[in-house]
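>>> the following comprises the amino acid sequence and a computationally predicted model.
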Amino acid sequence: MPIPISAMIGPSTDQVVVLLIGLPPTAPNPCSANSVPNMATTIPMTNTAIRIPATVASEAMPETSFLDRTRDGYDRTAGGYVTAFQHHLDDKPLDQAMLRAFTQMVPANHRIIDIGCGTGAATAVLRDQGADVSGIDLSPNMIAHARRLHPDIGFATGSMTDLDLPDAAVGGLCAWYSVIHIPDEALPAVFAEFHRILVPGGVVLLAFQVGDQPRHLTEAFGERVDLLFHRRRPESVAELLHDAGLAVHAQLIRESDGDGVESTPQGYLIARKPAPSAEEPAS
Ligand SMILES: C[S@@+](CC[C@H](N)C(=O)[O-])C[C@H]1O[C@@H](n2cnc3c(N)ncnc32)[C@H](O)[C@@H]1O
């Protein structure tokens, strides 16, 4: 049987690296969102419906929104993603260190939300580090795998552009290689949403590929996709966080780890929503 060529996408994407891997030419049919029960019991979270802005349409040719394209891309490739990336953090000590530092900075007795959690790889690391964590993702099929793999963690579908969470709902917000799918023009509103759901003193952790140009992926795991990966400069992301009222506390840039998957440096930012005393110093 010929070895199929599958384009891999992943948390450290722009991993538009075509690799010879022993995956079937078509990724396994991802399980349907409803086929895997949500067995989470520890964290109250509704299985929200995704609230997506109306699809943009032109007279000449219907267009789909960036959210539709992203959801469709991950729904199609969720099975291949699990096979390739479920353990992507195992051999990344600096990534684990950032996750641990973030967990330790979250105000005591507050829960963490992992937004764009995918199949739950980073969510599980946060749990193993002692966090009270749950996950949200745009893709129902990614969420179905997350629930199957981590039945003790609460997962729900939803979009970071319009979170079905009340104000000040969480002490920590992790977006691990997920704002990479948000176009520049939508990022300020996403960071405003992050600020809204954090308690004062709450902490946000971002991971993303460092660079200037987006990467467009049209095939992955034998499936046609239309996925844009927005690489960014840490200083630009830090400025947008600052503009949203989130004070950057720490930045890490590490080089690509030479695993044949990463092709850019990787960026990590930790920012904090100031506590009221810091926002409004007593006169
Ligand atoms: C590269 S994967 C990273 C997944 C996971 N964080 C990990 O480290 O394995 C990007 C994930 O972000 C999700 N995502 C993209 N846009 C999103 C949005 N607007 N809201 C929530 N999740 C989103 C995708 O569905 C996908 O699962």
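Looks like it came in fine. Residues are numbered from 1 along each chain as shown.
>>> what's the first helix or strand after the worst-scoring helix or strand of the chain on mean pLDDT?
Lowest on mean pLDDT, DSSP states H and E among the helices and strands of the chain sits strand 17-20, with a mean of 24. Downstream of strand 17-20, the next assigned helix or strand under DSSP states H and E is helix 66-85.
>>> give the buried residues for the helix or strand following that next one.
Following helix 66-85 in sequence order, the next helix or strand is helix 93-105 (DSSP H and E). Neighbour-count burial for helix 93-105 flags 95-96, 98-103, 105 (criterion: 16 or more other CB atoms under 10 Å). For the C-beta atoms, the positions are set from N, CA and C on the backbone; glycine is no exception.
>>> specify the local secondary structure of the closest residue to the ligand within the stretch 1-150 of the chain.
Nearest residue of the stretch 1-150 of the chain to the ligand (CB to the nearest ligand atom) works out as Gly118 at 2.6 Å. When classified by DSSP: H, G, I helix; E, B strand; the rest coil, Gly118 comes out as coil.
>>> measure the closest residue to it other than its chain neighbours to Gly79 for me?
Sequence neighbours aside, Met142 is the residue nearest to Gly118 in space, at 4.8 Å (criterion: CB to CB, 6 or more residues apart in numbering). Here the criterion is CB to CB, to the nearest Å. By it, Met142 lies 10 Å from Gly79.
>>> the two - which one has more neighbours?
Comparing Met142 with Gly79 by neighbour count (other CB atoms under 10 Å), the higher total belongs to Met142, at 27 against 21.
>>> show me where the stretch 151-283 of the chain has its strands.
154-157, 170-176, 198-209, 215-220, 223-229, 247-254, 266-272 (DSSP state E, counting those that start in this stretch).
>>> tabulate these (a markdown table), appending distance to the ligand.
Formatted as a markdown table, the strands of the stretch 151-283 of the chain follow (distance: least, CB to the nearest ligand atom, whole Å):
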| stretch | distance to the ligand |
| --- | --- |
| strand 154-157 | 8 |
| strand 170-176 | 4 |
| strand 198-209 | 8 |
| strand 215-220 | 11 |
| strand 223-229 | 8 |
| strand 247-254 | 15 |
| strand 266-272 | 12 |
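>>> out of those strands, which comes closest to Gly130?
Counting by CB to CB, Gly130 lies closest to strand 170-176 out of those; the figure is 11.9 Å.
>>> which strands and helices lie in contact with that closest one?
helix 93-105, strand 112-115, helix 121-128, helix 187-197, strand 198-209 (3 or more CB pairs under 8 Å, 6 or more residues apart in numbering; DSSP states H and E).
>>> quick check: which of the ones you listed is buried the most?
Most buried of the helices and strands packed on strand 170-176 by mean neighbour count (mean count of other CB atoms under 10 Å) is strand 112-115; its value is a mean of 28.
>>> export it as PDB, just CAs?
This file holds the C-alpha atoms of strand 112-115, laid out as PDB (Å, rounded to 0.1, in the frame of the first residue of the first chain):
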ATOM      1  CA  ILE A 112      -9.600  28.500  33.800                       C
ATOM      2  CA  ILE A 113     -11.100  28.300  30.300                       C
ATOM      3  CA  ASP A 114      -9.100  26.900  27.400                       C
ATOM      4  CA  ILE A 115     -10.600  28.700  24.300                       C
END
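>>> tell me what that strand is packed against?
Short answer (3+ CB pairs under 8 Å, 6+ apart): strand 112-115 packs on helix 121-128, strand 133-137, strand 170-176.
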